[in-house]
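[1] sequence and predicted structure, then a few things I'm wondering about:
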Amino acid sequence: MNRSAATIAVILIVLGVLIAVPLRLAFPGAVVALLGIACGLTLRTANEWERAVVLRLGRFAGIRGPGVFFIIPVIETVYVLVDTRKQSTIISAENTLTLDGVSVAVDSVLFWKVEDVRRVATELTDYRAMIGQVAQTSLREIISGMGLGEILGNREAMDAKIRAAIAAKSQDWGIGGIAVEIRDVRIPAELNDAMSRNAQAEKEKQARVTLASSEVAIAEQIVHAGEVYAANPMALKIRQMNLVYEMNKDRGATILLPTELAGAMSAVLKGLTPEG
């Protein structure tokens, strides 16, 4: 008898006693009291998310609920109330070797729900423990068949493999809605440090390659500029004049030029000035 049925039964019995004793209405009071006793023996309730497995003389008699239902006293019994809501189970695998021989620890969450109430109640001794054990063994099997890089870099594929393995092993159990999410993957500290150093070294390598490529491009441009200036001395002299100007344009100072550069500038100016 659950709490709701017991409450109704007690209320009816007390009401019957009150009718029979203070009001001296023995027969109506007895009827109400007997009705309360009958409710206590036959009335049952199940919550919205529960299903009651009823046995009749030890054999399966049906699934009742949700809400109010009745059973035959003595002959029928409520064997178990099965929760049909989505449930979660924490599963973990400690010190499991990957395909490439690395010891890892993996924590994950298994989501599942009961879809066949009769099967989980009459064919499984403890469906909660069994689905957890199957999930744990499946997790270890998948880890041992994958490399460390694949585990760390592709968790979605690992989730799918674990889910498929659990579903295949529990397909006849009446449990469905299976989903798996990897929460954490832990590797040995020394391996973690080594991977961090390798990642840092790879970043430094890429930075040096980029810098070297830039230096090569700059050197090629300098060589090209040298070839242009060698072919056109006038352009080199103009470039020298421009550099001198850029160095001193914001200082407002008098510029002293070497005799050779001054002569070169005069030659350039003469070359740029039209005759006549």
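    Right, received. Where do you want to start? Numbers count the residues shown, from 1 in each chain.

[2] so where is the protein shaky, pLDDT-wise?
    1-6, 9, 12-13, 15-27, 29, 31-33, 191-203, 229, 234-276 (pLDDT under 70).

[3] now the strands for it?
    43-46, 50-56, 59-64, 67-70, 76-83, 87-97, 103-114, 175-186 (DSSP state E).

[4] buried deepest among these, which one?
    Across the strands of the chain, the average number of neighbours (mean count of other CB atoms under 10 Å) peaks for strand 43-46, which reaches a mean of 20. In short, each C-beta sits where N, CA and C put it, glycine included.

[5] just checking, what packs against that strand?
    With contacts taken as 3 or more CB pairs under 8 Å, 6 or more residues apart in numbering; DSSP states H and E, strand 43-46 sits against helix 3-20, strand 67-70.

[6] partner strands of that strand, with direction?
    Counting by DSSP bridges, the strands paired with strand 43-46 are strand 67-70 (antiparallel).

[7] need the strands of the chain in a markdown table (columns: distance to residue 228).
    Below are those laid out as a markdown table (distance: least, CB to CB, whole Å):
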| stretch | distance to residue 228 |
| --- | --- |
| strand 43-46 | 93 |
| strand 50-56 | 89 |
| strand 59-64 | 92 |
| strand 67-70 | 94 |
| strand 76-83 | 84 |
| strand 87-97 | 65 |
| strand 103-114 | 61 |
| strand 175-186 | 59 |
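
[8] residue 152 is nearest to which of these?
    strand 175-186 (6.2 Å; CB to CB).

[9] between strand 103-114 and that closest one, find me the angle.
    Compare the direction of strand 175-186 with that of strand 103-114 by axes from the mean of the first three to the mean of the last three CA atoms, to 10 degrees and you get 160 degrees.

[10] outside of strand 175-186 itself, list whatever touches it.
    86, 104-116, 120, 127, 131, 135, 151-152, 155, 158-159, 162-163, 166-167, 170 (CB atoms under 8 Å, 6 or more residues apart in numbering).

[11] try it again at 6 Å.
    Applying CB atoms under 6 Å, 6 or more residues apart in numbering, the contact partners of strand 175-186 are 105-113, 115, 131, 155, 159, 162-163, 166-167.

[12] what pairs with that strand, and is each one parallel or antiparallel?
    Using DSSP bridges, the strands paired with strand 175-186 in its sheet are strand 103-114 (antiparallel).

[13] quick one: the strand it pairs with to strand 76-83, angle?
    Using the same axes, to 10 degrees: strand 103-114 against strand 76-83 is 130 degrees.

[14] ok, back up a step: which one of the strands of the chain lies closest to residue 233?
    strand 175-186 (67.9 Å).

[15] CA atoms of that closest one as PDB?
    Below are the C-alpha coordinates for strand 175-186, written out as PDB (Å, rounded to 0.1, in the frame of the first residue of the first chain):
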ATOM      1  CA  ILE A 175      16.200  -0.200 -22.400                       C
ATOM      2  CA  GLY A 176      16.500   2.600 -25.100                       C
ATOM      3  CA  GLY A 177      17.200   6.300 -25.500                       C
ATOM      4  CA  ILE A 178      20.900   5.500 -25.100                       C
ATOM      5  CA  ALA A 179      23.400   8.400 -25.300                       C
ATOM      6  CA  VAL A 180      27.000   8.800 -24.100                       C
ATOM      7  CA  GLU A 181      29.000  11.900 -23.400                       C
ATOM      8  CA  ILE A 182      32.700  11.900 -22.600                       C
ATOM      9  CA  ARG A 183      33.400  14.200 -19.600                       C
ATOM     10  CA  ASP A 184      37.100  13.900 -19.100                       C
ATOM     11  CA  VAL A 185      40.200  12.100 -20.500                       C
ATOM     12  CA  ARG A 186      43.200  11.900 -18.200                       C
END
